[in-house]
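In: here is a sequence with its predicted model. Questions after.
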Amino acid sequence: MLAEIGQNIEKCKSILLSEGLVAIPTETVYGLAANGLNQTAVAKIFEAKNRPFFDPLILHIGKLSQLDGIVTYIPENAKKIMHHFWPGPITIVLNKSNSVPDIVTAGHSTVAIRMPNHPITLKLLAELDFPLAAPSANPFGYVSPTSPQHVFDQLGLKIPYILNGGNCNIGIESTIISFENETTPKILRLGVITKQDLQSIIGNVEVEINQNSNPTAPGQLDQHYSPFCKLNAIEDLIFESSAVPNVLFFSPQSAELFWSTHKQIQHHPFYLSKNHDLIEAASNLFSILRDFDVQHMSEVYVEMAPNEGIGLAINDRLTRAMAKRH
Ligand code: TXA
Ligand code: MG
């Protein structure tokens, strides 16, 4: 079986109704979707991705009325965020109802929910009477896919269908905000919707980004989003170079990743953005990380983005990509 890439909504629907998997486009990254209320279907996601069962999934909905069946209660501030940003790149964690299988939430009492902003996926969701559980459509720990080809390259032998929605325009995963504790909403993952954006709608928001490898805590592992090539801080290169003045040795399989144009080192440069534009940088990030592997790079020296706004989300992904594999 080799995955078909196409735009046939009816075909997606029939695969999903028979407990199968379909890759779906969203504005952030491609997701690997199954019927989110069907335990057997959801189990296939974990198998295809080789994802550990302790890592819970996001349920994707197409309309607000679908929340009724999956959460017990929606705090006012969560409603404000939904009305302001959905459909869009923000996931909201709420207390789950009994109809959500434990496999989706890794046994936790909360469930993560998002209404994605992509026309063809919204069309598919409108045809279904269940939410779609969908993690990013990549093998666990690898870089998230932002095009149908990325999905095909890694999961083409494991899934029957990839719904083609072109390239994802945002390019990094949604911001996650949790209302597990209603009075102190917490950002669990950074994205293009920033803390400032959220505070302007609901007032005080805390940030609690897990930087750990604790498998019992839902959230984020310190090593993630990693290409196979080795990623180092650009400072290491500058340090090594100045130690041996005038004798710069670059391996042909090494490169530099600059967030934007950089004047000092121009050996084999890649740029996240040539216009100092953080939105453009985010949208290019994952396809450039994949390119390093496609081009068989062995080592890449990475310059961080500025530590502000969307730059924080980009740096979060870069830091995890650079962390050593355990
Ligand atoms: O942009 C996105 O969010 C993409 C697209 C496909 O929607 N999806 C995505 O899914 O990034 P995934 O599975 O790669 O990341 C989901 C994150 C994980 O870090 C998981 O631990 C967290 O959401 N998560 C899911 N349910 C949670 C919960 N109940 N409490 C806390 N974190 C949760
Ligand atoms: Mg992921």
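Out: Nice, I can see it. Ligands and ions are numbered 1, 2, ... in the order given.
In: please count neighbours and contacts with C-alpha atoms only from this point.
Out: Fine.
In: and the next helix or strand past the helix or strand of the chain with the lowest mean pLDDT?
Out: Ranking every helix and strand in the chain by mean pLDDT, DSSP states H and E puts helix 234-243 at the bottom, with a mean of 67. Per DSSP states H and E, helix 234-243 leads on to strand 254-258 as the next helix or strand towards the C-terminus.
In: for that following strand, what is the average pLDDT?
Out: Averaged over strand 254-258, pLDDT sits at 92.
In: ok, and what's touching that strand?
Out: 234, 266-272, 297-304 (C-alpha atoms under 8 Å, 6 or more residues apart in numbering).
In: for those, pick the one with the most neighbours.
Out: Leu272 (27 neighbours; other C-alpha atoms under 10 Å).
In: that residue touches Asn284, doesn't it?
Out: Yes. Under the criterion of C-alpha atoms under 8 Å, Leu272 makes contact with Asn284 at 5.7 Å.
In: okay, buried residues for the helix ranked longest in the chain please.
Out: Identified as the longest helix of the chain according to DSSP state H is helix 278-294. Using 16 or more other C-alpha atoms under 10 Å as the test for burial, helix 278-294 gives 278-290, 292.
In: between the residues you listed, which sits nearest Phe85?
Out: For the buried residues of helix 278-294, the minimum distance to Phe85 (C-alpha to C-alpha) is 16.8 Å, reached by Ile279.
In: so who does that closest one touch?
Out: Ile279 is in contact with Ile170, Val192, Ile310, counting by C-alpha under 8 Å, 6+ apart.
In: where does the first one fall, phi/psi-wise?
Out: Just to be clear, that refers to Ile170. The phi/psi pair for Ile170 (degrees, to the nearest 10) reads phi -90, psi -50.
In: helices of this protein, start to end?
Out: Under DSSP H, the chain gives helices at 9-17, 39-49, 76-85, 102-105, 119-126, 148-155, 195-202, 234-243, 278-294, 310-322.
In: picking that back up, can you dump the C-alpha atoms of the longest helix of the chain in CSV for me?
Out: Provided in CSV are the C-alpha atoms of helix 278-294 (Å, rounded to 0.1, in the frame of the first residue of the first chain):
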residue,chain,number,x,y,z
LEU,A,278,9.6,36.1,12.1
ILE,A,279,6.3,34.9,10.5
GLU,A,280,8.2,33.9,7.4
ALA,A,281,10.9,32.3,9.5
ALA,A,282,8.4,30.1,11.3
SER,A,283,6.8,29.0,8.0
ASN,A,284,10.2,28.0,6.6
LEU,A,285,11.6,26.3,9.8
PHE,A,286,10.6,22.7,9.4
SER,A,287,11.1,22.4,5.7
ILE,A,288,14.6,23.7,6.1
LEU,A,289,15.4,21.3,9.0
ARG,A,290,14.2,18.4,6.7
ASP,A,291,16.4,19.8,3.8
PHE,A,292,19.5,19.2,6.0
ASP,A,293,18.7,15.5,6.0
VAL,A,294,17.7,15.4,2.3
